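In: Just the structure for this:
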Amino acid sequence: MSITLTAFLEQLETICATKPDYRIGGSGTDGTCDCIGLIIGALRRAGGSWKGYHGSNYAARKQMADFVELKPAHLFVGEIVFKARNPGDSSYSLPDRYKSGGVNCTGDLRDYYHVGVITRVHPLEITHCSTSVEGNSIHRDSVLGRWKFGGRLKGINYKSDREEKVEMEKVNMLAVHCKATVTGGRLSLRQAPSKTSDRLVWIPNGTRLDVTGQGDGWCAVTYETIPGYVMERYLILDEEKKPLTEAERLEALENKTAEFEQRIAALEARAG
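Out: Got it, this is the predicted structure:
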């Protein structure tokens, strides 16, 4: 059974919020986790399952629906990414089960020694669990650096670009021009007006946004030059200034005229 990408990412953040300590074999159930444990824990919490070894090398070889060399232009939220060492590199330590003759051997002798998740693309954020002298094992990388390979994890329903486009076209979005304030906690800026769409970034509570569209419970907004969509119920919309009607303009003009007449009368009275 597959789970939604949204559910997986939400559970990933739930584990991160506990600030777990690093422990090999931990998966966020007892206040500890390791790199693959963060992913396994989020998968299970979201209703998915993990069968097989608790290890990043196993994940790279047996749990990926696709697996490619990373390219900055093709990164996406929810992508599982890996650091790797080649035979002969310093600290290379591929377990024997993945070497020639092992039951999990695929012919690939890279040591995929560390794994993380892309939780934001613009700007880049790679969330992973690693050791830390400060105790908290959750780290957020902002550059690819040694992250070299990645892809989609089995058991997660990654919606295609075409499906997202169809969902977006179903939303009746009317053009508006106003400001809004984020309320109720941090808010997901999504690529399309859908709860299953990729999260582009987290918007902090209280942030002021430019709103350019509104419809079916969603708003098109821009956050720090990044366009996207947010759920309307988590916004406090400013009242949009509407053009005055002919009667309203006439009334305003009459009020202005009366005001000027009162000022003139007062000046004449002083002069007399």
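
In: hey, let's count contacts and neighbours off CA atoms from now on
Out: Will do.

In: how about low-confidence regions in the stretch 1-150 of the chain?
Out: Residues of the stretch 1-150 of the chain meeting the criterion pLDDT under 70: 1, 101-106, 133-136.

In: just the strands in it please.
Out: 3-4, 21-22, 32-33, 68-69, 80-85, 111-120, 125-129, 138-141, 147-151 (DSSP state E, counting those that start in this stretch).

In: which one of the ones you listed is the most hemmed in?
Out: strand 32-33 (a mean of 26; mean count of other Cα atoms under 10 Å).

In: Quick check: nearest residue in space to residue 66, chain neighbours excluded?
Out: Among residues not flanking residue 66 along the chain, residue 151 sits closest, at 5.2 Å (Cα to Cα, 6 or more residues apart in numbering).

In: in stretch 45-59, what counts as buried?
Out: 45-46, 48-49, 54-59 (16 or more other Cα atoms under 10 Å).

In: again, but for stretch 224-238
Out: Neighbour-count burial for stretch 224-238 [16+ other Cα under 10 Å]: 227-232, 234-235, 237.

In: Distance check, residue 263 against residue 137.
Out: Distance from residue 263 to residue 137, counting by Cα to Cα, to the nearest Å: 71 Å.

In: Look at these two and report which has more neighbours.
Out: The residue with more neighbours, out of residue 263 and residue 137, is residue 137; 21 against 11, by other Cα atoms under 10 Å.

In: I'd say the more buried one and residue 21 touch.
Out: Yes - counting by Cα atoms under 8 Å, residue 137 touches residue 21, with 5.4 Å between them.

In: Could you pull up the contacting residues of the closest residue to residue 203 other than its chain neighbours?
Out: Using Cα to Cα, 6+ apart and skipping the chain neighbours, the partner closest in space to residue 203 is residue 187 (5.0 Å). By Cα atoms under 8 Å, 6 or more residues apart in numbering, the contact set of residue 187 is 202-205, 230, 234.

In: if we can go back for a sec, now the strands of the stretch 1-150 of the chain in TSV, with distance to residue 267?
Out: Putting these into TSV (distance: least, Cα to Cα, whole Å) gives the following:
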stretch	distance to residue 267
strand 3-4	74
strand 21-22	78
strand 32-33	80
strand 68-69	82
strand 80-85	78
strand 111-120	66
strand 125-129	67
strand 138-141	69
strand 147-151	78
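
In: of all the ones you listed, which lies closest to residue 216?
Out: The closest of these to residue 216 is strand 3-4. By Cα to Cα, the value is 21.4 Å.

In: What strands flank the closest one, and is each parallel or antiparallel?
Out: strand 156-157 (parallel) (DSSP bridges).

In: how many other residues sit next to residue 25?
Out: Residues near residue 25, counting by other Cα under 10 Å: 15.

In: I'd say it and residue 38 touch.
Out: No - counting by Cα under 8 Å, residue 25 stays clear of residue 38, with 9.9 Å between them.

In: for the strands of the stretch 1-150 of the chain, which one sits closest to residue 100?
Out: Of the strands of the stretch 1-150 of the chain, nearest to residue 100 by Cα to Cα is strand 111-120, at 13.4 Å.

In: helices or strands next to the closest one in the packing?
Out: On a contact count with 3 or more Cα pairs under 8 Å, 6 or more residues apart in numbering; DSSP states H and E, strand 111-120 meets helix 35-45, helix 56-62, strand 80-85, strand 125-129, strand 199-203.
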